[in-house]
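Enquirer: I'd like to go over a predicted model; first the sequence, then the structure.
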Amino acid sequence: MKNLKEELKRLQKFHELILQYAGEGIYGLDINGHTTFVNDAAAQMVVWELKDLIGKNQHNIIHHTKGDGTKYQETKCYIYAAFKDGTVHHVENELFWRKDGTSFPVEYTSTPIKDDNGKILGAVVVFKDITQRRQSEEIIKKTNHDLQIALTELETLKEKLEEENKYLQQEIKLDHNFEEIISQSKKFKKVLSQVEQVADTDATVLILGESGTGKELIARAIHNLSDRNNSAMVKVNCAALPSTLIESELFGHEKGAFTGALQQKIGRFELADQGTIFLDEIGELPLELQSKLLRVLQENEFERIGNSITTVVDVRVIAATNKELKEEIEKGNFREDLYYRLNVFPIELPPLRERKEDIPILVKHFLLKYGLKFGKKIESISNESIKKLSNYSWPGNIRELENVIERAVIITKGTKLHIGDYFENLISNDDQSINTLLENERKHILKALEASNWKISGENGAAKILDVRRTTLDARIKKLNITKPK
């Protein structure tokens, strides 16, 4: 019997040692919530002496709260719940408070203690400080957040690069008029001087001139001579896009922003970041978008359609128009404040009829270009043909001249360029005054209008026949007082 008692004491002592050396905090409670046992780990974590805990009300000493610091009502916590419902309660988002008033996050289990008859005698609480775990979780959470941001930025960059690549592939397919600017005109040399003056600044440039005078060529020259020439010059033709699409084209949209927005789109302003954007036909920009463009010019920021996050860009703006913007302002079609913001450095391109001395060298350039294209070796053009070309007023300017030479190369047999009978009705052989040139232009336009049954735009319209823009043709019809016969 004596040996049995000693063995029981030894086992009891051993079990107490196990509890004392356990890494978790452990304490026992009786049915009234008084502490019956506390191991060293528990006392150290809450910074209380063992003697101050045993026999005392646990709820009043080892104070604990919800994770946000909200206090429980007396005995309404999960620890006391084990006394009432007799079930195990596991909690991971609460705080235990130390004697010095500081707290630490805990994970604990409150397990009811029952006798052989199932009567609840108290509970045992096992808890551990999960500060390091929480810190690790926060680090992981922050890391995941940073990774998500990085992935989003990477995806945005990928989309931007894809859009840039798509845009540049489109640009590569374009057949630009010149490899370099060709002119010996004094008027055009003044333009080139202005290009050199403004190129190495970030000033906004407004290029003015009739359709076909080479506004895009000048814009590219400004970009290529600037510090931004390592980035793209992105072009937008404001007249070629429907008003319902131009906002998306300029500023982009999010997936689902409107019907048909099946994926996110990077706008042209984002594509032009660190580079240049060329807004051709700026006079055609819808009035409702002009305020958004004004904001970009002033603040360098905008929002994509369907996104409230502000996008900041560093873009140099070059705009061009063949319209009289001051007249558009008077009509209420163009914002005056936007006009002054665009008109920081205006460059006006002379029409081809005011730089006739350039016609021979332009003709030679186009002969070489289209001779190579069509596999023809055309070595000369008669003085008579040059005279005819020089006497014409060229309402379509350089674009129209190029078109005429291309057609002439196609129909020419041999090594000498022939303009063809078609042009005999359009160009006078004699030296004529300015008034007669205007009259020739009037007859030329009338002939095209009659051929198109007075249809101006569209596939078979007069503008297509003349190879000029509809807006240019409208302006020339108005200036020449051309009216449809009744």
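Expert: Ah, there it is. None of these values were measured; they are calculated from a predicted model.
Enquirer: tell me the mean pLDDT for the helix or strand encompassing residue 405?
Expert: Residue 405 belongs to helix 397-411 when assigned by DSSP states H and E. Per-region confidence: helix 397-411 scores 89 on mean pLDDT.
Enquirer: who touches that helix?
Expert: Applying C-beta atoms under 8 Å, 6 or more residues apart in numbering, the contact partners of helix 397-411 are 177, 210-214, 351-352, 359, 362-363, 366-367, 370-371, 374, 376, 378, 389, 394, 396, 417-420, 422-423, 466-468. All C-beta atoms are positioned from the backbone trio N, CA, C, and that covers glycine.
Enquirer: Out of these, list just those in strands.
Expert: The strands, defined by DSSP state E, take in residue 417 from the contacts of helix 397-411.
Enquirer: Can you say which of the contacts of helix 397-411 are buried?
Expert: With burial judged by 16 or more other C-beta atoms under 10 Å, the buried subset of the contacts of helix 397-411 is 177, 210-214, 351-352, 359, 362-363, 366-367, 370-371, 376, 378, 389, 394, 396, 417-419, 423, 466-468.
Enquirer: I'd assumed residue 255 was in contact with residue 263.
Expert: Yes. Using C-beta atoms under 8 Å, residue 263 makes contact with residue 255 at a distance of 5.2 Å.
Enquirer: buried residues in stretch 228-237?
Expert: 228, 231-237.
Enquirer: Which phi and psi values does the residue lying closest to residue 254 once chain neighbours are set aside adopt?
Expert: Excluding the flanking residues, the one nearest residue 254 by C-beta to C-beta, 6 or more residues apart in numbering is residue 306, at 3.7 Å. With angles defined as degrees, to the nearest 10, residue 306 sits at phi 90, psi 10.
Enquirer: mind listing what's buried in stretch 337-356?
Expert: Buried residues in stretch 337-356 (16+ other C-beta under 10 Å): 338-339, 341-342, 345, 347, 349-353, 355.
Enquirer: and residue 338, what does it touch?
Expert: When contacts are counted by C-beta under 8 Å, 6+ apart, residue 338 touches 290-291, 293-294, 297.
Enquirer: right, I mislabeled it, should have said residue 204
Expert: Listed by C-beta under 8 Å, 6+ apart, the contact set of residue 204 reads 297, 316-319, 341-342, 344-345.
Enquirer: Can you tell me which of the buried residues of stretch 228-237 is closest to residue 248?
Expert: residue 236 (11.5 Å; C-beta to C-beta).
Enquirer: Just the pLDDT for the closest one.
Expert: On the pLDDT scale, residue 236 is placed at 91.
Enquirer: That one touches residue 278, doesn't it?
Expert: Yes. In this structure, residue 236 is within contact of residue 278 by C-beta under 8 Å, at 7.0 Å.
Enquirer: List the backbone torsions phi and psi for residue 64.
Expert: Phi and psi for residue 64, reported as degrees, to the nearest 10, are phi -140, psi 150.
Enquirer: Tell me what it is bridged to.
Expert: Taking DSSP bridges as the rule, residue 64 bridges to residue 96.
Enquirer: Can you report how many residues lie near it?
Expert: 22 (other C-beta atoms under 10 Å).
Enquirer: same check, this time on the one 3 residues further on
Expert: Residues within reach of residue 67, counting by other C-beta under 10 Å, total 12.
Enquirer: What's the separation between it and residue 103?
Expert: Distance, residue 67 to residue 103, by C-beta to C-beta, to the nearest Å: 10 Å.
Enquirer: Need the residues touching each of these two.
Expert: By C-beta under 8 Å, 6+ apart, the residues touching both residue 67 and residue 103 are residue 95.
Enquirer: Could you verify that residue 246 is part of a helix?
Expert: Yes. Assigned with DSSP: H, G, I helix; E, B strand; the rest coil, residue 246 falls within a helix.
Enquirer: If you tally nearby residues, what's the number for it?
Expert: So residue 246, with other C-beta under 10 Å, has 20 neighbours.
Enquirer: same thing with residue 414?
Expert: For residue 414, the count of nearby residues is 11 (other C-beta under 10 Å).
Enquirer: so where is the stretch 351-486 of the chain shaky, pLDDT-wise?
Expert: For the stretch 351-486 of the chain, the stretches flagged by pLDDT under 70 are 420-438, 486.
Enquirer: can we see that at 50?
Expert: Within the stretch 351-486 of the chain, the stretches with pLDDT under 50 are 427-435.
Enquirer: now swap in the chain and tell me
Expert: Looking at the chain by pLDDT under 50, you get 7-8, 11-12, 14-15, 169-179, 427-435.
Enquirer: Now for it: which strand has the highest residue count?
Expert: Every strand in the chain considered (DSSP E), the longest is strand 103-114.
Enquirer: Send me that one as CSV with only the CA atoms.
Expert: Only the C-alpha atoms of strand 103-114 are listed here, as CSV (Å, rounded to 0.1, in the frame of the first residue of the first chain):
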residue,chain,number,x,y,z
SER,A,103,-1.6,42.8,-24.6
PHE,A,104,-0.7,40.0,-27.0
PRO,A,105,-2.7,37.9,-29.5
VAL,A,106,-3.5,34.4,-28.4
GLU,A,107,-4.9,31.1,-29.6
TYR,A,108,-6.6,29.2,-26.8
THR,A,109,-8.8,26.2,-26.1
SER,A,110,-11.2,26.1,-23.1
THR,A,111,-12.1,22.5,-22.3
PRO,A,112,-14.6,21.6,-19.6
ILE,A,113,-13.6,19.2,-16.8
LYS,A,114,-16.3,16.6,-15.8
